[in-house]
Structures are given as C-alpha cells and as structure tokens.
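K.L.:
kindly return the folded structure for what I paste below:
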Amino acid sequence: LEPLELQPVREALWPLHRHLLSSCDSAPDGHRMQADDYATLERRKVEAGYMQLFLYLEDGKAQAIASLDIKQDFARTKNLLIHPARRGEGLGKSVVASLMAIARQQGASAMGAYALSENKAAYEMYRSAGMEKVYQQYEWVKLL
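P.N.:
Predicted coordinates:
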C-alpha cells in the first residue's frame with residue numbers, strides 16, 4: 001500500500017481530532033469514554049512527549065486518528081480510530097502502513113500494536129498489514 005500523508009496533530013488540528021472522537025461510539029482503544037475526556041488525555045500524552053499523534057484528513061475533515069510511540073528502535077502504534085463511515089474500506093491498513101513508514105524514518109526496525117481480542121476488524125487489519133499476533137494483554141489507566 002502507498003502510505004497516506006498523515007498530519008502531526010498541532011494546535012490548529014486539535015478541534016478536528018476532538019470532532020472525530022465525538023463522531024464515534026467508542027474511544028480508539030475500543031472502550032467507552034467521553035470524547036472530551038479522551039481528547040484531553042491524548043493531548044496530555046502528546047504534550048508530555050509520550051507519543052506522536054497523527055490525523056488523516058480528506059477535504060479538511062479528519063478520517064482517521066493514530067498515534068505512534070518510538071523507543072530506541074521499536075515503534076508501537078496506538079489508538080487507531082477510523083471514522084465510522086470509512087470503516088471497511090482499507091483505510092486502517094493504509095494508516096498503519098503510513099505509521100510504519102514514519103517509524104522507519106525515525107529509526108525503528110520493528111513495530112507492534114495492541115487491539116482488544118474481541119475487535120475482529122482490528123485483528124484482521126493488523127494481520128493483513130503483515131503483523132503477527134504475539135500475546136494478549138490487559139492495559140490499565142488511572143487519571144491522577
């Protein structure tokens with residue numbers, strides 16, 4: 001797949017990020033969360049240097065969100081979310097391919113991802129992007 005042009009989320013793009021979150025029935029990690037709360041949490045993570053956040057835009061509207069965390073030579077994609085009207089079109093796979101290209105440019109030699117086991121679409125998307133299932137896990141978070 002040809003990588004898409006992903007836009008790093010900067011100040012002017014935060015409203016588009018929040019709008020896409022509010023158009024979905026769940027947060028990018030598959031759990032229910034208020035869009036405003038999730039947007040605030042993601043912004044804190046970006047500002048703290050914990051992750052890079054990207055949007056895929058078409059006609060000035062956010063169609064996908066994805067984040068990337070790189071430590072040494074390992075990258076991890078996180079929080080991939082596709083606009084509900086665009087799901088099933090292969091957009092997620094293209095976003096992952098784009099993140100892989102960015103990660104390679106930033107020195108990563110491998111990339112991992114996390115998806116809930118019940119999310120069959122994510123499982124198929126990551127598998128079709130050439131990733132292999134390694135293990136299953138739970139992740140926990142608490143706002144401090």
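K.L.:
in the longest helix seen in the chain, what counts as buried?
P.N.:
Scanning the chain for the longest helix, with DSSP state H as the assignment, gives helix 91-105. For helix 91-105, a neighbour-count test (16 or more other Cβ atoms under 10 Å) marks 91, 92, 93, 94, 95, 96, 97, 98, 99, 100, 102, 103 as buried. Just so you know, the C-beta spots here come from the backbone N, C-alpha and C atoms, and that holds for glycine as well.
K.L.:
pipe those residues into TSV and attach pLDDT per row.
P.N.:
What follows is the buried residues of helix 91-105, written out as TSV (pLDDT from 0 to 100):
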residue	pLDDT
91	93
92	91
93	91
94	93
95	94
96	93
97	92
98	95
99	95
100	93
102	95
103	95
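K.L.:
next up, phi/psi of residue 55, please.
P.N.:
Phi and psi for residue 55, reported as degrees, to the nearest 10, are phi -120, psi 150.
K.L.:
so which elements touch the helix or strand harbouring residue 42?
P.N.:
Residue 42 belongs to helix 35-47 when assigned by DSSP states H and E. For helix 35-47, the packing partners by 3 or more Cβ pairs under 8 Å, 6 or more residues apart in numbering; DSSP states H and E come out as helix 14-22, strand 52-58, strand 61-71.
K.L.:
would you mind giving those as TSV with mean pLDDT and distance to residue 108 added?
P.N.:
What follows is these, written out as TSV (pLDDT from 0 to 100; distance: least, Cβ to Cβ, whole Å):
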stretch	mean pLDDT	distance to residue 108
helix 14-22	93	23
strand 52-58	97	12
strand 61-71	95	5
